[in-house]
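Undergrad: Sequence and predicted structure below; questions after.
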2 protein chains.
Amino acid sequence: MKEWDRHNAISDFVRTSRKDSKMTQSELSDLTGVGLRFVRDLEQGKPNLMTDKVNQVLLFFGHQLTPTPISDETRRNMGE
Amino acid sequence: MKEWDRHNAISDFVRTSRKDSKMTQSELSDLTGVGLRFVRDLEQGKPNLMTDKVNQVLLFFGHQLTPTPISDETRRNMGE
DNA sequence: TTAAATTATACCCTAAAAGGTATAATTAAT
DNA sequence: ATTAATTATACCTTTTAGGGTATAATTTAA
């Protein structure tokens, strides 16, 4: 099974945004309409997520998934 | 069934990048390792996609999915 | 230190994504 | 105008994400 990376762009963004808003995973789950389990998978870096579920959460923070150029930093961490 | 939007950020990016590279959907499918059907769903704006499949294609063009602020343009088109 | 709250892990089930194939439609080439 | 190539649609099957629940671990508050 592909291993999880807690520190990818999406996981980090959601975890940080949520903490900044002083919310629990459970509250974020309620407010966004996605399952609590999904919030957890998301923050822990589950590799395979459905885009519209992710967007459902990102939208709450005024963001969305878009294609962006791969940073050097990301490229460095890719083979690990 | 949620209707498809051919002109979302991801679809447009992939279709444009592919055409710029003078590739067919079939070639992109072969080169990225995702199914031909997926390339089609992707370019035609299927709403629910798996992030790692999308990234598999984006990576080929040096991009990846990341959370970005929702643009005013996007916000304007949201209710439609 | 204990208790309470929050987060993480494990199980099962259902719904749907992804892929294959076949066919139709559209576009490009001759 | 015909033909060939590319793209789109439809049907079916397999795989797995997401959700629910229960339990364990961790963090926070008292």
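TA: In hand now; what should we look at?
Undergrad: all contacts plus neighbour counts: C-alpha atoms, from now on.
TA: Noted.
Undergrad: buried stuff in the longest helix seen in chain A?
TA: For chain A, the longest helix by residue count, based on DSSP state H, is helix A:9-20. Buried residues in helix A:9-20, counted by 16 or more other Cα atoms under 10 Å in any protein chain shown: A:10-15, A:18.
Undergrad: What parts of chain A come near DNA strand D?
TA: Counting by Cα under 7 Å from any atom of the strand, chain A comes close to DNA strand D at A:33-39, A:41, A:48-51, A:53-54.
Undergrad: filter those residues down to the ones near DNA strand C?
TA: Counting by Cα under 7 Å from any atom of the strand, A:37, A:50 from the residues of chain A next to DNA strand D sit close to DNA strand C.
Undergrad: What is the most widely separated pair among the residues of chain A next to DNA strand D?
TA: In terms of Cα to Cα, the residues of chain A next to DNA strand D reach their longest pairwise distance at A:Gly33 and A:Asn48, which sit 19.1 Å apart.
Undergrad: what about these two, which has more around it?
TA: Neighbours around A:Gly33 and A:Asn48, counted as other Cα atoms under 10 Å in any protein chain shown, are more numerous at A:Asn48. The numbers are 16 against 12.
Undergrad: That one - that's part of a strand, no?
TA: No: assignment of A:Asn48 by DSSP: H, G, I helix; E, B strand; the rest coil gives coil, placing it outside any strand.
Undergrad: need the contact list for it.
TA: B:50-52 (Cα atoms under 8 Å, 6 or more residues apart in numbering or on different chains).
Undergrad: Now do it against B:Lys22, distance only.
TA: As judged by Cα to Cα, to the nearest Å, A:Asn48 and B:Lys22 stand 29 Å apart.
Undergrad: got it, and A:Asp72?
TA: Note on A:Asp72: its distance to B:Lys22, by Cα to Cα, is 27 Å.
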